[in-house]
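>>> Using only what follows, build the 3D model:
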Amino acid sequence: MPSFDFTSETDMVALKNSVDVAGRAIDNRYDFKGTSARVELNEKEKTITLHGDSDFQLDQIKDLLFPAMEKKEKESTKRLDAQPVQKISGNKVKQDLKIRSGIDAELAKKIVRLLKDSKLKVQAAIQGDAVRVSGAKRDVLQEAIALVNKAITDYPLRQGNYRD
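Residues are numbered from 1 along each chain as shown. Now for the predicted structure:
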């Protein structure tokens, strides 16, 4: 019986590359000279930290970072969870962007419910941070992929591990 998995993994190499590109762009911009503007990636904690002198400057840093991320990996900005802006020592500010990876339980239940309600001849099962979908025919699995991709647009999903 053919099956495949819905997963959502972060490409850390592409993310690190895009943070480096944004950091170089910040270093080269004239309006950032002499400021505390910078971008840091913490791979262990899976966070991106933006440092700046004001909220406006943080928004400018995001305008540099997000297109660089989208260029390396499509829809990668959808997996960022923005934390509140924190004030540091005087007029400096920082913001953490947490990187979500994998499919959380709530989204997995939503995918399973969507497939069950669609009356397609497929079975969906939650396996850790992935959802395995199996069906009798390959065509039905392709319909399931199209249905889920159309319905869930707020989080990047990948299909893989196809077994025939």
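>>> contacting residues around the residue of the chain most remote from its centre?
Distance to the chain centre peaks in the chain at residue 90, reaching 32.3 Å (criterion: CA atoms, centre = their mean). If a contact means CB atoms under 8 Å, 6 or more residues apart in numbering, then residue 90 has no contacts. Yep, even glycine has a C-beta here, placed from its N, CA and C like the rest.
>>> what about it, is that helix, strand or coil?
Per DSSP: H, G, I helix; E, B strand; the rest coil, the local secondary structure of residue 90 is coil.
>>> heads up, I number from 37, so please use that
Okay, using 37 as the starting number, the last item reads as residue 126.
>>> Can you check what pLDDT the model gives it?
On the pLDDT scale, residue 126 is placed at 79.
>>> How far away from the center of its chain is stretch 51-63?
17 Å (CA atoms, centre = their mean, to the nearest Å).
>>> got the buried residues for it?
For stretch 51-63, the neighbour count (16 or more other CB atoms under 10 Å) marks 51, 53, 54, 55, 57, 58, 59, 61, 62 as buried.
>>> Many thanks, we can stop here.
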